[in-house]
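Trainee: Give the three-dimensional model of this entry:
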Amino acid sequence: MSLQLRLFGGGKSDAGKLSATNDGNHSIDKSKVLAQTDAAVITPTNPGNFGSIRSVPVVPNPMYFSRDQADAVKDLKKEKVEGARITKGVYKDLGKIEEADAVVHKAHRKYEGSVAENELKKVRGNASLAKKLHGMRSGYARLGMGIDKADSDARTRIDAIKTKLTAGAN
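Mentor: I've put the predicted structure just below:
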């Protein structure tokens, strides 16, 4: 199987058939065009939950801390600072991946737009040829009638010759 067939499929399609949808109507569903690419994507109609992160509880009132508490807070601080550094890098990388996905998405839509524009050009070419061929029909009809007349005239002359030849033979 060729690479093209493996990539793009090779089955028969109805692509060349004229359908009722070629009358200028459309089936572009605005809700599909504007639909989120994922249910979790943040949009004005899906603003997310505005959740946050809190590694320690809020201290509601002034208080003294013990040495053990202070040591535990220092250990937790080291862990959280390191985790934040790592997490910040991961979020940065995730953002870059999203940017790359958006570049690919946009490039694909541009390609699809090109395919759609060129499909219209091809169909216009087909329509132009069809109109030209329809314009030729009367010419072909005249040619066909001329051939029929020539055939009829020839048969008439042949019949006249046959009649002369057979009349003299009797």
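
Trainee: any weak-confidence spans in the protein?
Mentor: 1-22, 168-170 (pLDDT under 70).

Trainee: Nearest the geometric middle of it, what residue?
Mentor: E112 (4.6 Å; Cα atoms, centre = their mean).

Trainee: In which helix or strand does that one reside?
Mentor: helix 67-169 (DSSP states H and E).

Trainee: tell me what that helix is packed against?
Mentor: Using 3 or more Cβ pairs under 8 Å, 6 or more residues apart in numbering; DSSP states H and E, no helix or strand is in contact with helix 67-169. For the C-beta atoms, the positions are set from N, CA and C on the backbone; glycine is no exception.

Trainee: next one: that helix to chain centre, how far?
Mentor: 9 Å (Cα atoms, centre = their mean, to the nearest Å).

Trainee: quick one: L143 from D151, how far?
Mentor: 13 Å (Cβ to Cβ, to the nearest Å).

Trainee: I meant K164, not that one.
Mentor: According to Cβ to Cβ, K164 and D151 sit 21 Å apart.

Trainee: same deal with D29?
Mentor: 59 Å.

Trainee: Equivalent analysis for K80, please.
Mentor: 101 Å.

Trainee: The two: who's more crowded?
Mentor: Between K80 and D151, counting by other Cβ atoms under 10 Å, K80 is the more crowded of the two (14 against 10).

Trainee: right, and the more buried one touches S55 too?
Mentor: Yes. Under the contact definition of Cβ atoms under 8 Å, K80 touches S55, with a separation of 5.4 Å.

Trainee: if I look at the two, which residues touch both of them?
Mentor: The contact sets of K80 and S55 do not overlap (Cβ atoms under 8 Å, 6 or more residues apart in numbering).
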